[in-house]
Structure formats: C-alpha cells, structure tokens
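Colleague: Sequence plus the predicted model coming up.
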Amino acid sequence: MLPVDAPGDALPSQPRGSTLIGRSQALKVVQQEVEYAARSDAKVLITGASGVGKEVVAHLIHQRSRRRHAPMLTINCAAMPDTLLESELFGHARGSFTDAYRDKRGLFEAANSGTVFMDEVGEMSLRMQALLLRFLETGEIQRVGDERNRVNANVRVVAATNRRLPERIAAGEFREDLYYRLNVIHITIPPLRERKDDVTPLLDHFLRLFAAEHGVPLPQCSPDAVAALEAYDWPGNVRELRNIAERLTCRCPGGLIHADDLPLEVRTGSAVVESAPARVASPAPAQALLDRILLKGESFWDVAYEPFMARDLTREDVRHLVRVGLEQTRGNYKALVQLFNMDPQDYKRFLNFLRKYGCHMPFQRFRMAPGREIE
Ligand SMILES: Nc1ncnc2c1ncn2[C@@H]1O[C@H](COP(=O)(O)OP(=O)(O)OP(=O)(O)O)[C@@H](O)[C@H]1O
Ligand SMILES: [Mg+2]
C-alpha cells in the first residue's frame, strides 16, 4: 500500500493563550458565548477586527468542547492559492498534479472527530466556497484527482474573518448560502477601544508573561503610563498591546514604566495609519529572534513559525531569519535545519513551510557570494 502523507505543514494547532483575559462587560458576553458554543456541536463564525482574539476564542471553544481529545487543525484560507488550498483541505490522489507523488490526506480527514479552524474564511475564492459548501452539506470529502472515492469526515468547523461578510455577499463575493451554513453560532469580538476596561488586566498579563519568558524582573507601570495606555485607540487591538508589553519588558526590566517609555503613537494618541490593516511592527527585532535561536537554543518552530502563523511576525521577518541562517550555512538547507534547532526529520516540513509562504530562497546565491546581502 502506498504511504499516505499527512497534510502539508499543518500542525495540530497549539493552544495559545488558553484563557481570555479581561474584565469588561463585552468580554464577559464573549466568554458566555464561548461556553455556550463549547457545549454544542454547531458551526461557529467568529468575527472582529484583526488582533481582537478570534483565534484565542476558536481554541477555547475546541478545548472546552467534547472534541477536545481529538485534534484541532488550523488553516489560513488567505495564505495560499486555490489549488493548494483545495488539496490542503480535501487531500489529493497520487499523480493528480506534478509533485503529487503520494496520496495525501487533507485537513478535514486528519482532523476527524475534532475541529478544523478556518481562519480568514472571507478571503476564499467563489470556487473554493462552492467546494466547502458541498462538504458542509454532505460531510463527504473528495480528494483532488480522485473522482470515484469519497470518504466521510466528522469535523466541526469553526471559521473566522475580519471582513464584514454581509457586505461581501452584497458585492457578490461571498455566497449567502455558505454564510448561513457557517454562521450557526456567531461570536463577535469588539475592538479593544470599545472595552478599555480590559487594557490594564491584559497589560498586567503580558508583562508577567514576557518577564517570565525573557527571564527578567517584572516591570511596574506608573499611573501616567496606565492613563496613556487607557486613552489610546488601539488600532491593532490586543496584538498591538501584547507587542508593546513585550518591548516594555525588555526596555524597563524590573523598573517603573513611565508615559515617556511608551511608543510615540500611544503618547501622542495617534493611530499608526487608520485604514491600514491593523498589523503592527514585529514584537521583537529580528536580532532578538536570532538570539533566541542561536544563543538560547530555541527552535525555529517556537520562535518564528508559531508567531508567523498567528500573524505576530511578518513574512519579511521570517525571510530575514532564513537569509541570515543561509548566509551562515552557505546556502545549505539541511545545515539550516540543524542551526535553527529543528529535528533533522523536519527538513521536508521546513521546506514546505518556506515554499508555501514565499520565504524560500535559492541556495545558489549563498554559495556564490557568502555574506552578501541579497534581494
Ligand atoms: N482576551 C485575550 N486574552 C489574552 N490574550 C489575548 C486576548 N485576545 C487576544 N489575545 C492575544 O493577542 C494576540 C492576537 O490574538 P488572535 O491571534 O487571537 O487575534 P485575531 O483576532 O485572530 O487576529 P487576526 O484577525 O489578525 O488573525 C494573540 O497573541 C493572542 O494570544
Ligand atoms: Mg487570527
């Protein structure tokens, strides 16, 4: 029998932040909805702006549901082209396209009895929407290139988007029937600016988290810093707060944080760019990430992969790490796996990940001109 590959670089989603920190009334409502969703097996649609905690909520629902002993697998629907997304979700048969050397299970099969978290579901093409709808209606999986065989999978779908889907439906970009299928339970997470009561507990939580992670004494916040943080508009929501907390932990270890220590945009109360996607600068400079890998011996999966999948790191950050690593290994990807503290068996998965997310670089350049900055 032919070996069957596991889906691409899909990993069981790591339970990140298994509690929802906050004390606002709005967050209490979300917490109640999570409990309610966890008790049922209905599909859930989680909406809210970027960085509000949609993925945290998805994890909580799975962790508290009766499916918690089965896997929860995550797919970012915006991160890959249609053909790849189809094969990731439904699997493919050997020979169905170049490079399809083996039969491969898709995510829906691999997560059987568990949950599939479909992030950025609003970005799916109309064709993929039709395929997803067919699966949701029949529970049947048809692998790419295998017209005859169908398998059934019992998965719960939890989807998330920061798009306003009704607007996309009106524009003819999202199927209304799919919307109603996904939207059995709808959880909306309000932006942080509408629940300012959560700022202090979140800040406290993240300062403790990063002080422990970086092994530095816990800093304290002065009243003027707290006032500025509470007055700020938080266009990047909790993710932005988390990033600022990490910077403050490194900047004022064990000290008192004053308003002057806060980033300019917080001090002046101006949002970075109002209409830009609420993605803020990387939490730590690339050098700090490299130090964690090269000096502290942490693995690429923890330092770069996880935050990248959570969109706390940009593609450029990952490319930078890879570029610096390849310069050291003179373009040798096998040596890079070792340098980045990964298991040698992770080689293929590492390359798949880099290719899928556009972070792969031709090794030849590093052989010809070691140390030279490329691109
Ligand atoms: N209430 C909360 N308590 C603790 N951590 C939180 C909370 N809300 C968000 N976070 C943290 O903030 C960061 C962003 O959260 P998350 O990834 O869930 O946002 P998101 O809504 O999925 O964003 P995007 O739309 O950009 O994918 C994560 O590091 C997450 O752990
Ligand atoms: Mg998310």
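Modeller: Arrived safely. Ligands and ions are numbered 1, 2, ... in the order given.
Colleague: Could you use CA atoms for every contact and neighbour count after this?
Modeller: OK.
Colleague: Any figure for the gap between the one residue sitting closest to the centre of the chain and ligand 1?
Modeller: Nearest to the geometric centre of the chain sits residue 310, at 2.4 Å (C-alpha atoms, centre = their mean). Counting by C-alpha to the nearest ligand atom, to the nearest Å, the gap from residue 310 to ligand 1 is 5 Å.
Colleague: Tell me who's in contact with the residue lying closest to residue 161 once chain neighbours are set aside.
Modeller: In this structure, residue 161 finds its nearest non-sequential neighbour in residue 120, 4.5 Å apart by C-alpha to C-alpha, 6 or more residues apart in numbering. If you count contacts by C-alpha atoms under 8 Å, 6 or more residues apart in numbering, residue 120 has them with 76-78, 159-162.
Colleague: per-residue confidence for residue 120?
Modeller: With respect to pLDDT, residue 120 has a value of 93.
Colleague: Now the nearest residue to residue 267 once chain neighbours are set aside: which helix or strand?
Modeller: Spatial nearest neighbour of residue 267, chain neighbours left out: residue 228 (6.3 Å); criterion: C-alpha to C-alpha, 6+ apart. Assigning secondary structure by DSSP states H and E places residue 228 in helix 223-231.
Colleague: That helix - contacts with which helices or strands?
Modeller: Contact partners of helix 223-231 among helices and strands, from 3 or more C-alpha pairs under 8 Å, 6 or more residues apart in numbering; DSSP states H and E: helix 199-214, helix 264-268.
Colleague: Mind listing what's buried along that helix?
Modeller: Across helix 223-231, burial judged by 16 or more other C-alpha atoms under 10 Å covers 225-226, 228-230.
Colleague: Let me have these in TSV, adding pLDDT and distance to ligand 1 as columns.
Modeller: Converted to TSV, the buried residues of helix 223-231 look like this (pLDDT from 0 to 100; distance: C-alpha to the nearest ligand atom, whole Å):
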residue	pLDDT	distance to ligand 1
225	95	20
226	94	18
228	94	20
229	95	16
230	94	16
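Colleague: Which of the contacts of residue 120 sits closest to residue 321?
Modeller: For the contacts of residue 120, the residue nearest residue 321 by C-alpha to C-alpha is residue 76; the value is 22.0 Å.
Colleague: what's the pLDDT at that closest one?
Modeller: Note on residue 76: pLDDT of 92.
Colleague: what sits against residue 160?
Modeller: Each residue near residue 160 by C-alpha under 8 Å, 6+ apart is listed here: 45-47, 54-55, 117-122.
Colleague: what do you get for residue 238?
Modeller: By C-alpha under 8 Å, 6+ apart, residue 238 lies in contact with 51-53, 192, 202.
Colleague: quick one: the helix holding residue 228 to helix 199-214, angle?
Modeller: 110 degrees (axes from the mean of the first three to the mean of the last three C-alpha atoms, to 10 degrees).
Colleague: can you tell me which of the contacts of residue 160 are in strands?
Modeller: In this view, the contacts of residue 160 that belong to strands under DSSP state E are 45-47, 117-119.
Colleague: Mind putting those residues into JSON lines with distance to ligand 1?
Modeller: Compiled in JSON lines, the ones in strands among the contacts of residue 160 are given as follows (distance: C-alpha to the nearest ligand atom, whole Å):
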{"residue": "45", "distance to ligand 1": "12"}
{"residue": "46", "distance to ligand 1": "9"}
{"residue": "47", "distance to ligand 1": "8"}
{"residue": "117", "distance to ligand 1": "11"}
{"residue": "118", "distance to ligand 1": "11"}
{"residue": "119", "distance to ligand 1": "7"}
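Colleague: Tell me which two of the residues you listed sit farthest apart.
Modeller: 47 and 117 (13.0 Å).
Colleague: Between these two, which is the more surrounded one?
Modeller: A direct count of neighbours by other C-alpha atoms under 10 Å for residue 47 and residue 117 places residue 117 higher, at 27 against 22.
Colleague: in the stretch 201-350 of the chain, which spans are strands?
Modeller: 220-221, 256-257 (DSSP state E, counting those that start in this stretch).
Colleague: Run through the neighbouring helices and strands of the last one.
Modeller: Contact analysis of strand 256-257 by 3+ C-alpha pairs under 8 Å, 6+ apart lists strand 220-221 as its packing neighbours.
Colleague: Kindly recompute the last result at 10 Å.
Modeller: strand 220-221, helix 223-231, helix 237-251 (3 or more C-alpha pairs under 10 Å, 6 or more residues apart in numbering; DSSP states H and E).
Colleague: I'd like to know which of these is closest to residue 132.
Modeller: helix 237-251 (29.6 Å).
Colleague: what about the closest one, near ligand 1?
Modeller: Yes: using C-alpha under 6 Å from any ligand atom, helix 237-251 reaches ligand 1 at 238-239.
Colleague: CA-only coordinates of that helix in PDB, if you can.
Modeller: The C-alpha trace of helix 237-251 is given here as PDB (Å, rounded to 0.1, in the frame of the first residue of the first chain):
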ATOM      1  CA  ASN A 237      -6.100  45.700  19.300                       C
ATOM      2  CA  VAL A 238      -4.800  43.100  21.700                       C
ATOM      3  CA  ARG A 239      -2.000  42.000  19.400                       C
ATOM      4  CA  GLU A 240      -0.700  45.600  19.500                       C
ATOM      5  CA  LEU A 241      -0.900  45.700  23.300                       C
ATOM      6  CA  ARG A 242       0.900  42.400  23.500                       C
ATOM      7  CA  ASN A 243       3.700  43.700  21.300                       C
ATOM      8  CA  ILE A 244       4.100  46.900  23.300                       C
ATOM      9  CA  ALA A 245       4.200  44.900  26.500                       C
ATOM     10  CA  GLU A 246       7.000  42.800  25.200                       C
ATOM     11  CA  ARG A 247       9.000  45.800  24.200                       C
ATOM     12  CA  LEU A 248       8.400  47.400  27.600                       C
ATOM     13  CA  THR A 249       9.500  44.300  29.400                       C
ATOM     14  CA  CYS A 250      12.800  44.400  27.500                       C
ATOM     15  CA  ARG A 251      13.200  48.100  27.900                       C
END
